[in-house]
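> After the sequence you'll find the predicted model.
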Amino acid sequence: MARDKIYQEEEFPSPLLQLWHNFRQSPVVLVGFSCFAFLIILAIFAPLITPYSSIENHLDKLLLPPAWDKDGDISFLLGTDDLGRDLFSRLMHGTSLTFGLSFVVVIVSLVIGVFIGSLSALSSGIRSSFLNHFLDVILSIPSLLLAIVIVAILGPGLDNTLWAIVMVLIPQFVHVTRNAVKEEFTKDYVLASRLDGASSLRILRYSVFPNIIEKIISYATLAQSAAILDIAALGFLGLGAPIPLPEWGAMLSSGIDLFYIAPWTVYLPGLAILFSVIATNLVGEGMRHALKIGKES
Amino acid sequence: MIIFTLRRLNLLLFTVLLLTLLSFSLSYLFPGDALINLSGEINATPAQLAILSDEYRHQENIFMQYWAYLSHVFSGDLGISMASHLPIIEEIKILLPATIELSLAALLLAMFVGVPIGFIAAIKHEKLADNIILTVAMFGYSIPVFWLGLLAILVFSIQLGWLPSAGQISLLYEIKHVTGFQIIDILLSDSAYKWQAFQNATAHMILPTVVVALAPATIFVRLARTAMLEVLDKSYIRAAKAKGLSFGQIIYHHAIRNAMVKVIRDVGLQFANLVTIAMVTEVIFSWPGIGRWLIESIYQRDYTAIQSGLLMLSSFIFLVHIITDFIYAALNPLARESNHGA
């Protein structure tokens, strides 16, 4: 952090700002972050900027290969599928489904999980021990299996998949928050404000949260890459998004039958998933690295 | 060690109880009648239903119902499948070994490949090799497994034609079902074509195992790298250096053992993740395991199968969890002492 000091006054940036300063040191991470920002913008504005609608059929242009192929057509940049739908538009619409919804899912489960986690960190005794064991059990069940069970209860469909993934992620956030809060509560600065007469809730709000929010955000990126993969996997298994929706996993599974004659209908959605997961992981990686630097300095 | 064992067994018991509680409550949460969901008898006549209701004590309060369910589970009766009308315990006996075979093979592969690479990355910390390994690892755990499986089939089964793409063994070979583990069954059988069958089964295993192992392997790379870096930072390594030991000696005699212990601690946690991947892979490679069966059960709305499958698979994962805890404790005396939070 080589920032020029013009004034005598010492400047103490907030933990989140410190994280950002350390975060932007690495160029690779910044590339990942730009991709991440790009995906978010695409997820929001996809319906406005796509050339075609995601369900518009071009019956004279079935199974057109991508534009760089000699049979390709530049007005269908990434080719079309077996119903003549433009893959480029479908992939862009899919961003708001697979990537955008995973973002929403993570935010929702983060809020609920952090709330429960911080309350449970304040409790102790048999209640807390029971909760701990209960969390251990839930965490030992594979996330996809849990999601499948919840989908079985609620019935297939995109909405239900999202609820299922929210419910899978909540225990993880509870676990992370709980451990982080407990760790902070043993520190001296918390003791100091406790001696000043602050209540537990006040300490949580003004002392502990600003110091653990970075940990939670860095975990959230991990959760998001898992959420993208889970939404896509459930879509692929036919339990998530219904057929006409351009969800990447569902697109991939509908391309399987055409795998041999039109491989681009399979590898393009896969690449899209790979790209978004890598962008998310790069951001998370950069964040964890920045946290480590922050701790060492 | 005795206290440690008791604590673990206690935890295992508690967990299994919680899992049965979960699967019992599923029978109420799933659509349809709880009694039919528990027993799987969808075509039962009113008279049969009355007998079932008596058996599962459905006239009494919820605790007695749970108790009746528990005694059914522990006597090995998980109800019958709604789809095939076969006892679920029999189906699971056939399917679970196939999943265990696949996931254990993948776990071993992931460890044998991932851990050494992670150590190399740590030794070459912040050099070119480290960066390359980290980049490749990042790709490895970002690839969606169903996509990877499809690409593997396209390249190795269809274009190159090297390996079979589906199933556990060619239908030509008739292997008697003894333990359920294909490889062991083949070695036990006295067929004249034993070695051909063995080769065939191995060829069928290669692709799914590699596909399942890829993501866990990259996670082991990262775990091993972190563990090794931590160990290399310790003062006993510096002491060994000061004594004049060569770099190789330090690594072989001091660093690897201590780093391995840290890696083994996390194997149990990774196993749940690995089974998730294995479930999807089973669907793609038509592997006759419990994951594919569970996913098909959803299509068929076979709720009895889902709740029993959840119970068995999670118990199995937790068992592996406990076993790795024991291995970890056996290797690391620090973990056995209760004041270290064992």
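Received it, and whenever you're ready, just let me know what you need. The structure presented is a predicted model; accordingly, all values stated were derived computationally and were not measured.

> Could you check how far B:Ile62 is from chain A?
Using Cβ to the nearest Cβ, to the nearest Å, B:Ile62 is found at 18 Å from chain A. In short, each C-beta sits where N, CA and C put it, glycine included.

> swap that for B:Ala197, please
Distance, B:Ala197 to chain A, by Cβ to the nearest Cβ: 30 Å.

> Name the SS class of the residue in the stretch 101-250 of chain B that chain A sits nearest to, please.
Nearest residue of the stretch 101-250 of chain B to chain A (Cβ to the nearest Cβ) works out as B:Trp147 at 3.5 Å. Using DSSP: H, G, I helix; E, B strand; the rest coil as the criterion, the local structure at B:Trp147 reads helix.

> ok, now which ones touch it?
A:Leu252, A:Val266, A:Tyr267, A:Pro269, A:Gly270, A:Ile273, A:Leu274 (Cβ atoms under 8 Å, 6 or more residues apart in numbering or on different chains).

> Quick check: closest non-adjacent residue to the second one.
With sequence-adjacent residues excluded and distances taken as Cβ to Cβ, 6 or more residues apart in numbering or on different chains, A:Val266 is closest to A:Gly255, at 4.2 Å.

> Can you tell me the element residue 115 falls in?
No chain specified, so I'll use chain A. Per DSSP states H and E: A:Phe115 is located in helix A:101-122.

> right idea, wrong chain: chain B
Counting by DSSP H and E, B:Val115 is part of helix B:88-123.

> Next SSE downstream of that helix?
Next helix or strand after helix B:88-123 toward the C-terminus (DSSP H and E): helix B:128-142.

> tally of neighbours for residue 195?
No chain was given, so I picked chain A. 8 (other Cβ atoms under 10 Å in any protein chain shown).

> my bad, the chain I had in mind was chain B
Neighbours of B:Trp195 under the rule other Cβ under 10 Å: 10.

> Spatially nearest residue to the closest residue to chain B within the stretch 151-297 of chain A, not counting backbone neighbours?
Residue nearest to chain B within the stretch 151-297 of chain A: A:Gly270 (3.5 Å; Cβ to the nearest Cβ). Leaving aside its chain neighbours, A:Gly270 sits nearest to B:Trp147 (3.5 Å; criterion: Cβ to Cβ, 6+ apart).

> same thing with B:Leu188?
Distances taken as Cβ to Cβ, 6+ apart put B:Val178 closest to B:Leu188, at 5.5 Å, once the chain neighbours are dropped.

> which residues does the one you found contact?
Counting by Cβ under 8 Å, 6+ apart, B:Val178 touches B:Ile184, B:Asp185, B:Leu188, B:Ser189.

> Restrict stretch B:92-109 to CA atoms and write it as CSV.
Presented in CSV, the C-alpha positions along stretch B:92-109 are these (Å, rounded to 0.1, in the frame of the first residue of the first chain):
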residue,chain,number,x,y,z
ILE,B,92,-29.4,-50.4,-2.2
LYS,B,93,-27.3,-53.5,-1.5
ILE,B,94,-26.6,-53.8,-5.2
LEU,B,95,-26.3,-50.1,-6.0
LEU,B,96,-24.3,-48.7,-3.0
PRO,B,97,-21.2,-50.9,-3.6
ALA,B,98,-21.0,-49.5,-7.2
THR,B,99,-21.0,-46.0,-5.9
ILE,B,100,-18.5,-46.8,-3.2
GLU,B,101,-16.2,-48.4,-5.8
LEU,B,102,-16.4,-45.4,-8.0
SER,B,103,-16.0,-42.8,-5.3
LEU,B,104,-13.2,-44.6,-3.5
ALA,B,105,-11.2,-45.2,-6.7
ALA,B,106,-11.7,-41.5,-7.5
LEU,B,107,-10.6,-40.4,-4.0
LEU,B,108,-7.5,-42.5,-4.2
LEU,B,109,-6.7,-41.2,-7.6
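
> Is it in proximity to chain A?
No - under the criterion of Cβ under 8 Å from any Cβ of the partner chain, stretch B:92-109 makes no contact with chain A; the nearest approach is 10.5 Å.

> Report the buried residues of that stretch.
Buried residues in stretch B:92-109, counted by 16 or more other Cβ atoms under 10 Å in any protein chain shown: B:92, B:95-107, B:109.

> so how many other residues sit close to residue 55?
Picking chain A for this. Using other Cβ under 10 Å, A:Ile55 has 13 neighbouring residues.

> Please refer instead to chain B.
Counted with other Cβ under 10 Å, residues neighbouring B:Glu55 total 15.

> contacting residues around the nearest residue to it once chain neighbours are set aside?
Take B:Glu55 and drop its neighbours on the chain: the residue closest to it by Cβ to Cβ, 6+ apart is B:Ala68, 7.1 Å away. B:Ala68 makes contact with B:Glu55, B:Tyr56, B:Arg57 under the criterion Cβ under 8 Å, 6+ apart.

> one more time with 10 Å
For B:Ala68, the contacting residues are B:Phe24, B:Leu38, B:Asp54, B:Glu55, B:Tyr56, B:Arg57, B:His58, B:Glu60, by Cβ atoms under 10 Å, 6 or more residues apart in numbering or on different chains.

> I'd say the second one and B:Ser27 touch.
The one in question is B:Leu38. Yes - if you go by Cβ atoms under 10 Å, B:Leu38 and B:Ser27 touch, sitting 4.5 Å apart.

> what sits in contact with each of the two?
Counting by Cβ under 10 Å, 6+ apart, the shared contacts of B:Leu38 and B:Ser27 are B:Tyr56, B:Gln65, B:Tyr69, B:Gly79, B:Tyr303, B:Thr304, B:Gln307.

> Within reach of chain A, which of these are there?
Among the shared contacts of B:Leu38 and B:Ser27, the residues lying close to chain A (Cβ under 10 Å from any Cβ of the partner chain) are B:Tyr303, B:Gln307.

> who in the stretch 101-250 of chain A is up against chain B?
Proximity of the stretch 101-250 of chain A to chain B (Cβ under 10 Å from any Cβ) is limited to residues A:130, A:133-134, A:136-156, A:225-226, A:228-230, A:232-239, A:248-249.

> Any of the residues you listed buried? List them.
The buried subset of these - by 16+ other Cβ under 10 Å - is A:134, A:136-154, A:156, A:225-226, A:228-230, A:232-239, A:248-249.

> Can you name the element that comes right after the helix holding A:Phe115?
Sequence order places helix A:126-140 as the next helix or strand after helix A:101-122, per DSSP H and E.

> Against which helices or strands is that following helix packed?
Under the contact criterion of 3 or more Cβ pairs under 10 Å, 6 or more residues apart in numbering or on different chains; DSSP states H and E, helix A:126-140 touches helix A:101-122, helix A:158-185, helix B:2-29, helix B:256-284, helix B:303-331.

> Could you check the angle the lengthiest helix in chain A makes with helix A:101-122?
With secondary structure taken from DSSP state H, chain A has its longest helix at helix A:264-296. With axes from the mean of the first three to the mean of the last three Cα atoms, to 10 degrees applied, the angle from helix A:264-296 to helix A:101-122 works out at 30 degrees.

> Phi and psi next, for A:Thr80.
phi -130, psi 170 (degrees, to the nearest 10).
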